[in-house]
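1. any chance you could fold what I've pasted below:
(4 chains)
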Number of protein chains: 2
Amino acid sequence: MARVGLTPERLTQAGAELADEVGFDQVTVSALARRFDVKVASLYSHVKNSQDLRTRIALLALTELADRAADALAGRSGKEALAALANVYRDYAREHPGRYAAAQLRLDPQTAAASAGVRHAQMTRALLRGYDLTEPDQTHAVRLLGSVFHGYVSLEMGGGFSHSAPDTDDTWARILDALDTLLRNWPEPPTDSRG
Amino acid sequence: MARVGLTPERLTQAGAELADEVGFDQVTVSALARRFDVKVASLYSHVKNSQDLRTRIALLALTELADRAADALAGRSGKEALAALANVYRDYAREHPGRYAAAQLRLDPQTAAASAGVRHAQMTRALLRGYDLTEPDQTHAVRLLGSVFHGYVSLEMGGGFSHSAPDTDDTWARILDALDTLLRNWPEPPTDSRG
DNA sequence: AGGATTTGCCTAATACTATTAGGCAGGTGC
DNA sequence: GCACCTGCCTAATAGTATTAGGCAAATCCT
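-> Presented below is the predicted three-dimensional model:
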């Protein structure tokens, strides 16, 4: 019987491609075995189970995304860096919808801590050094940016903005403008005027 | 054989409860049948299939969410309305994580158009009337708010903010402040200074 | 009330996915 | 050239999804 040369890495890679083609939630051990023209049970020597496979794909996606982000941020600052980072997420999600979905997989704390997820937070913090924020406002801003990037990408890909003008590219550009303005003029907490 | 009195509505309701308990992606026809102490096949007289069941749960969630939002917005405007609407999403997601996940289910265009999803957009627009935005900026702002609300809630629930101080309630409050400021001073598109 | 009809849940059958246990052959090391 | 180990296989079990057809309970009609 021909040995195909399965490895965890090849399975993860192929699983990521499969995810992009049919959706992350359709990534199944069976489908992956079919893709290698191999019996399903054969995969279990290389990945622990279905959950393990999905986790590996998620970690791959997080790493790819972090690599792209690092690349995009190199040599940029301020609004340029903001837009570059934002576009990394948006473009990656468009090119690799299944991987992007995988990156959203909830990881257990230890796996998450060892993942490229931490690089994402670090890079967002690095980007914010171009603005004048100190703790805890910097953390608030990290969370805001994460929310906007993820929320926008996820709604846009889910078709949430589809039916209406104006173009989503316009909106995206204006949102980046708005975020830049906001970060340059980060508001103090208002005193409650109702006193 | 005792007739349990299955209806699409009861199945949908029970499916929503099940989703909140075990997660929307664990909502299965079999689990639902177990919950009614009924054979799996019996459900197929009431819902077309698994996808249909999930869609019904999604529509229920969208409706509940829209009802809460309408209630929260009544009699409020400006920042108070903004915070009220935002908190509806966040609180609903916390109380009903499975339903909230269901509300994110991608619906086909016709179903989406007939769903309570449109009310959400309308209410966000209504809220924005308290700020001074005209088209197309209003649409941009609708999309921004949707992105922030969904993104924040989704990251917070996914544990994305878990490990670190400051408290996520603080961040949430500051983000609402920031959005209010931003909407009251919505920036023009900057002219490209690179000429 | 009692028969006819509809309706609701059931049994049975098929198919796909996930997972484990154990077998055999092909490549590797001496 | 032999032994071993590794990699993919067969076989078996279990859970989920879905369809077809049956029987009894509820409903309707007189």
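2. is any residue of the host helix or strand of A:Asp52 near chain B?
-> Secondary structure assignment for A:Asp52, by DSSP states H and E: helix A:50-73. No. Helix A:50-73 stays clear of chain B (CB under 8 Å from any CB of the partner chain), getting no nearer than 11.5 Å. To be clear about C-beta, it is placed using only N, CA and C from the backbone, and glycine gets the same treatment.
3. helices or strands next to the next helix-or-strand element following that helix in the packing?
-> Next helix or strand after helix A:50-73 toward the C-terminus (DSSP H and E): helix A:78-95. Contacts defined by 3 or more CB pairs under 8 Å, 6 or more residues apart in numbering or on different chains; DSSP states H and E place helix A:78-95 against helix A:50-73, helix A:97-103, helix A:117-128, helix A:137-157, helix A:168-184.
4. report the mean confidence score over the longest one.
-> Averaged across helix A:50-73, the pLDDT comes to 98.
5. what comes into contact with it?
-> Applying CB atoms under 8 Å, 6 or more residues apart in numbering or on different chains, the contact partners of helix A:50-73 are A:8, A:11-13, A:15-16, A:19, A:24, A:27-29, A:32, A:43, A:47, A:81, A:84-85, A:87-89, A:92, A:96, A:99-100, A:102-105, A:107, A:111, A:115-117, A:119-120, A:123, A:126-127.
6. switch to 6 Å and redo it
-> For helix A:50-73, the external contacting residues (CB atoms under 6 Å, 6 or more residues apart in numbering or on different chains) are A:12, A:15-16, A:29, A:47, A:81, A:84-85, A:88, A:92, A:99, A:102-103, A:105, A:115-117, A:119-120, A:123.
7. so how far is the helix or strand of chain A with the lowest mean pLDDT from its chain's centroid?
-> Within chain A, no helix or strand scores below helix A:109-113, which has a mean of 93 by mean pLDDT, DSSP states H and E. On the basis of CA atoms, centre = their mean, to the nearest Å, the separation between the geometric centre of helix A:109-113 and that of its chain is 16 Å.
8. quick check: buried residues in it?
-> A:Ala112 (16 or more other CB atoms under 10 Å in any protein chain shown).
9. kindly reformat the helices and strands packed on helix A:78-95 as CSV containing mean neighbour count.
-> What follows is those, written out as CSV (neighbours: other CB atoms under 10 Å in any protein chain shown):
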stretch, mean neighbour count
helix A:50-73, 20
helix A:97-103, 23
helix A:117-128, 18
helix A:137-157, 22
helix A:168-184, 19
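10. in TSV: the ones you listed, plus distance to B:Ile175.
-> Conversion of the helices and strands packed on helix A:78-95 to TSV gives the following (distance: least, CB to CB, whole Å):
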stretch	distance to B:Ile175
helix A:50-73	22
helix A:97-103	22
helix A:117-128	15
helix A:137-157	5
helix A:168-184	10
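11. so which of those helices gets nearest B:Val148?
-> Across the helices and strands packed on helix A:78-95, B:Val148 has its closest neighbour in helix A:137-157 (5.2 Å, CB to CB).
12. and the spatially closest residue to A:Arg106 that is not a sequence neighbour, how far from DNA strand C?
-> Distances taken as CB to CB, 6 or more residues apart in numbering or on different chains put B:Gly158 closest to A:Arg106, at 5.4 Å, once the chain neighbours are dropped. Here B:Gly158 is placed at a distance of 22 Å from DNA strand C (CB to the nearest atom of the strand, to the nearest Å).
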